[in-house]
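> for reference, the sequence and a predicted model appear below.
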Amino acid sequence: MHDYRQAFTARAAATFAVAGLLMLSLAALLAQTLYGWSPPHIGRPVCAATAVLAAAALAALHAVRVLSATGEAQDLSAPALADKLAGICAARERRQFDQLVETGAPMDLLFRRLRDSAGHPQGSGASRLSDVASYYRGCENERLMFLGEGGSGKTVILVHLLLQMLDERAPGGLVAWRFSLSRWDTSRNLSAWMAEEISRDTRIPLAQAQDLVTRGLVLPLLDGLDEMDPPHTPFPTRAAEVVEQLNKAERFDKPIPFVLTCRTDTHDRLVSRGARLTDTVAVQMLRLSPKQVQRHIRSVADEERWADVLSHLEKDANGRLAQYLNLPWRLAMAVIIYDKKSGDGYARDLSDLTAPGWSDDTPPVTVGRFVEELLSRPAVARRREPTRRTLATLAAYLHDKRGRGDEGRALPGVEEGKTLSGVDLVVHELWPVGGPRAPRYVTAALSLLLWIPAAAAVLWAVGHMAWPFWLKAVVYGVLGLFPAYSAHTSLAQWPHPRNVVLGRFRTPTGVRRLSAAAAVGLLMLILLAATGAPGFTAAYAAMFALIFGSGSALAVREGADVRVLAAVAAAVGLVFGLATRLALGSLGPAGGMLAGTGGGGFALVLAVRAALRGGAEPGHVRNPVFEDFIANDVRTACVSGSMLAAIAAVLLHYLPLSASALQVTLVSVGAGFSLGFGFVADAWRRHIALLICCRGTLAFRLTHVLAQAHDAGLLRRAGIAYQFRHLDLRDHFATLSAELTGHWPGGRGTRSGPPAPSARER
């Protein structure tokens, strides 16, 4: 088993140092052989650039050695990494639990063991929420499944179990981690999917997440088996595939431990078709007794004000009110709805609950009233209608993902080869709300539009140069490649948000990549110096190393092999340098800077694709914060655009343009803006395209509205995704969308919507 404490040792640092010294010795030998070690033949620019790059390489190697000696560069051991993961999980899930039990205290949930997965009862004893961790540890094979109807508290008890286990874990011990099953592509192995989810939700590299899973340091808490397939599916196909995988999964030659939640009706349909979990303890979530309802009301509300309701529950324990409030979800809604204050009093009269005139079809506690109460909270009150329209559109989109097979069997939605969840809202993956094609075409159009400032800047600069026609044609042709490539990549199905973390310069990965870039630049400087044009060569090598080094250190994910990055960069840099030397060598340092900038960027794209084996995007967000998906992309665009603007300003200084400072500033900023927003920020452009396509139905500040809806209690979080707090809320907003728009979003024709809302839903 790989030990990450040995991943970056003093021996590795010494190897880098020896390689650097050998490279410098080779440089001296080549210089002596080719140029007779005569600075006039080499040229002052080459000498200066050689000194700078050599110093950069040695400084980086020294930093590697220092970091290795102090232990700061070492990757965490698996137990230490598990401790870090536990801290991340605890902080996130405590916030989630506080939102789920926002009334202040969790309900006294009870559950009872079933004899087997078929649901036959075993005994009459019930266990409590507070004892769930000890109950789990007593289960055979540590495989536990919670069954219950919608709103019975399955997610609450799952999160409570997770927090109890984290509180009781020993340092370096097992980490309970909650996974949303709706995101699982069941063609993937369970362990591989778990590692990908952990890596996607945290800053932990995929290889280390895989190591944690392989070592058995992650306990999967799998939430929502019933959410794998559309509601009321005769046979839940994807859920059955999950059951099959869980039955086969082993860890250390034993059945893999897990905790699972599922609605009872979905579980019954699975069992009726033979999809039964083996070696698993199944427990049934119980409805609340009148005593439990009374205790909860007394713990979170004014007992004097609720006296009539409490008395009614005491006198008629089997009555209509007791039967209605015995579901935890309904009780939570009732407390929130009837405890809403208005001025000096309350907005609703509790006599509605005890009045004799209502029935199960017209209850006083409805999802519609609950939604109106949440929409009136300060977090969303100022944007009440935009929030309502946005959530209605997104709920209808989640419903619209569901298709039907040849035999009328409900199937999960698929968009461009990607299996879509019917419950998850991931900000940068919402673009199909605007249709399967329109957002991509609008993104391509935006890309071309955003390149206009750069095109104007180049046309202005080249127009002031006394260059031959063929050279101007070459410059214009190269310029045209950038917007064409940008428009082409804009048509990609699933762009990833990029992220620039300036602190990576101080990490071992950043230092290694900077040292590799300096070494590549030094190698190119030595080899290209033989072609003459020392000013061009020095500027090209220095700029290539700067662009490639900073880009790979800041924005390329950690899984990329630095050796592959360096090898591809060296090959591309030499070929590109020789080609541009013939075309731009006469421009001296200005031509070298221009060629080095383009070559460094081109090499970065090719090197990342080679290192990650499969066209992966650089800068895939490892720890995206929900409202920061698009903000990270914009920040990356600003950083990369600012770098290009600075380079362009220096380049224009070397060109004989006789331009004013204002002209240079405008041209430089225009070029940087086009590169940053027209080329780098793919996810931002797709997001803007979505808002254009869905104007009037989605709020323009979509990420802000989603964050506020979460704060108001309408949404919850699961990893990097938002989810409606309850499926009843999703169905309510989906029905509202049909009433507001008269059609389902997505642009793919008619889809069967949810049934018309009952009085209870209204």
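Now that the structure is in, tell me what you want to look at.
> what's the helix or strand encompassing R269 packed up against?
Taking DSSP states H and E as the definition, R269 sits inside helix 264-272. Packed against helix 264-272 by the contact rule (3 or more Cβ pairs under 8 Å, 6 or more residues apart in numbering; DSSP states H and E) you find strand 143-148, helix 237-248. Using the backbone N, CA and C atoms, a C-beta is placed for each residue, glycine as well.
> give me whichever of those is most buried.
Compared across these, strand 143-148 shows the largest average neighbour count, a mean of 24 (mean count of other Cβ atoms under 10 Å).
> starting from the next helix-or-strand element following the helix holding R269, tell me which strands it pairs with and how they run.
Using DSSP H and E, the helix or strand that directly follows helix 264-272 along the chain is strand 281-285. According to DSSP bridges, strand 281-285 has the following sheet partners: strand 110-113 (antiparallel), strand 143-148 (parallel).
> mind putting the ones you listed in TSV, mean pLDDT and distance to L727 included?
What follows is the strands paired with strand 281-285, written out as TSV (pLDDT from 0 to 100; distance: least, Cβ to Cβ, whole Å):
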stretch	mean pLDDT	distance to L727
strand 110-113	92	20
strand 143-148	94	13
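> A681 is nearest to which of those strands?
Distances from A681 to each of the strands paired with strand 281-285 were compared using Cβ to Cβ; the minimum, 42.7 Å, belongs to strand 143-148.
> next one: the helix holding R269 to chain centre, how far?
Taking Cα atoms, centre = their mean, to the nearest Å, one finds the center of helix 264-272 at 32 Å from the center of the full chain.
> and what of stretch 642-654?
On the basis of Cα atoms, centre = their mean, stretch 642-654 is displaced by 34 Å from the centre of the chain it belongs to.
> and the gap between S351 and T362?
For S351, the distance to T362 equals 16 Å [Cβ to Cβ, to the nearest Å].
> revised request: answer the last question for T237.
The gap separating T237 from T362 is 37 Å, by Cβ to Cβ.
> I'd guessed L565 sits against L606; true?
No - with contact taken as Cβ atoms under 8 Å, L565 and L606 are classed as non-touching, separated by 9.9 Å.
> re earlier: right, so of the helices and strands packed on helix 264-272, which gets closest to A379?
Relative to A379, the nearest member of those by Cβ to Cβ is strand 143-148, separated by 29.4 Å.
> ok, and what's touching the closest one?
Contacts made with strand 143-148 from outside it, assessed by Cβ atoms under 8 Å, 6 or more residues apart in numbering, are listed as 111, 114, 117, 119, 135-136, 154, 157-158, 255-264, 267, 277, 279-285.
> please save the CA atoms from the helix or strand containing A567 in PDB.
Assigned by DSSP H and E, A567 falls within helix 562-584. Coordinates of each C-alpha in helix 562-584 appear next as PDB, following Å, rounded to 0.1, in the frame of the first residue of the first chain:
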ATOM      1  CA  VAL A 562       4.600  16.700 -13.500                       C
ATOM      2  CA  ARG A 563       6.900  14.600 -15.700                       C
ATOM      3  CA  VAL A 564       4.400  14.300 -18.400                       C
ATOM      4  CA  LEU A 565       3.600  18.000 -18.200                       C
ATOM      5  CA  ALA A 566       7.300  18.900 -18.500                       C
ATOM      6  CA  ALA A 567       8.000  16.400 -21.400                       C
ATOM      7  CA  VAL A 568       5.100  17.700 -23.500                       C
ATOM      8  CA  ALA A 569       5.900  21.300 -22.700                       C
ATOM      9  CA  ALA A 570       9.500  20.800 -23.900                       C
ATOM     10  CA  ALA A 571       8.500  19.100 -27.100                       C
ATOM     11  CA  VAL A 572       5.800  21.700 -27.900                       C
ATOM     12  CA  GLY A 573       8.100  24.600 -26.900                       C
ATOM     13  CA  LEU A 574      11.000  23.600 -29.100                       C
ATOM     14  CA  VAL A 575       8.800  23.000 -32.200                       C
ATOM     15  CA  PHE A 576       6.800  26.200 -31.600                       C
ATOM     16  CA  GLY A 577      10.000  28.100 -30.900                       C
ATOM     17  CA  LEU A 578      11.700  27.000 -34.100                       C
ATOM     18  CA  ALA A 579       8.500  27.800 -36.200                       C
ATOM     19  CA  THR A 580       8.000  31.200 -34.700                       C
ATOM     20  CA  ARG A 581      11.700  32.000 -34.900                       C
ATOM     21  CA  LEU A 582      11.400  31.900 -38.700                       C
ATOM     22  CA  ALA A 583       8.300  34.100 -38.700                       C
ATOM     23  CA  LEU A 584       8.900  36.600 -35.900                       C
END
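> and the next helix or strand past it?
helix 589-612.
> sorry, back to before: will you turn the strands paired with strand 281-285 into JSON lines that also has distance to R701?
Formatted as JSON lines, these follow (distance: least, Cβ to Cβ, whole Å):
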{"stretch": "strand 110-113", "distance to R701": "42"}
{"stretch": "strand 143-148", "distance to R701": "37"}
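> closest to H428 out of those strands?
Across these, H428 has its closest neighbour in strand 143-148 (31.9 Å, Cβ to Cβ).
> next, the angle helix 237-248 makes with that closest one.
Comparing the axes of strand 143-148 and helix 237-248 via axes from the mean of the first three to the mean of the last three Cα atoms, to 10 degrees yields an angle of 150 degrees.
> next SSE after strand 143-148?
For strand 143-148, the succeeding helix or strand toward the C-terminus, using DSSP H and E, is helix 154-168.
> who does that next one touch, helix- and strand-wise?
Helix 154-168 is packed against helix 78-100, helix 132-137, strand 143-148, strand 175-180, strand 218-223, strand 258-263, with contacts defined by 3+ Cβ pairs under 8 Å, 6+ apart.
> for that helix, C-alpha coordinates in CSV please.
The C-alpha atoms that make up helix 154-168 are tabulated as CSV, following Å, rounded to 0.1, in the frame of the first residue of the first chain:
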residue,chain,number,x,y,z
LYS,A,154,-34.9,8.9,7.3
THR,A,155,-32.5,11.7,6.4
VAL,A,156,-32.6,13.2,9.9
ILE,A,157,-31.7,9.9,11.5
LEU,A,158,-29.0,9.2,8.9
VAL,A,159,-27.3,12.6,9.6
HIS,A,160,-27.7,12.1,13.4
LEU,A,161,-26.0,8.7,13.1
LEU,A,162,-23.1,10.3,11.1
LEU,A,163,-22.6,13.0,13.7
GLN,A,164,-22.7,10.5,16.6
MET,A,165,-20.1,8.3,14.9
LEU,A,166,-17.8,11.3,14.2
ASP,A,167,-18.1,12.4,17.8
GLU,A,168,-17.2,9.0,19.0
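> what's in contact with it?
Applying Cβ under 8 Å, 6+ apart, the contact partners of helix 154-168 are 86, 89-90, 93-94, 96-97, 100-101, 106-107, 109, 111, 129, 132-133, 136, 146-148, 174-178, 219, 221, 223-224, 259, 261-263, 285, 328.
> averaged pLDDT, it. What do you get?
The predicted model assigns helix 154-168 a mean pLDDT of 93.
> kindly report the same for stretch 197-209.
According to the model, stretch 197-209 has a mean pLDDT of 81.
> low-confidence regions, the stretch 651-762 of the chain specifically.
Within the stretch 651-762 of the chain, the stretches falling below the threshold (pLDDT under 70) are 740-762.
> and G551, what does it touch?
Listed by Cβ under 8 Å, 6+ apart, the contact partners of G551 are 600-601, 604, 618, 640.
> distance to Q663 added to these, as CSV?
Formatted as CSV, the entries for the contacts of G551 read as follows, by distance: Cβ to Cβ, whole Å:
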residue, distance to Q663
G600, 26
G601, 25
L604, 30
P618, 33
S640, 23
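> and A516, how many neighbours?
Applying the criterion other Cβ atoms under 10 Å, we find 25 residues in the vicinity of A516.
> name all residues that make contact with it.
The contact partners of A516, by Cβ under 8 Å, 6+ apart, come to 549, 552, 562, 565-566, 569.
> and P171, what pLDDT?
With respect to pLDDT, P171 has a value of 91.
> quick one: it and S77 touch, right?
No - in this structure, P171 sits apart from S77 without contact. The criterion is Cβ under 8 Å, and the distance is 11.5 Å.
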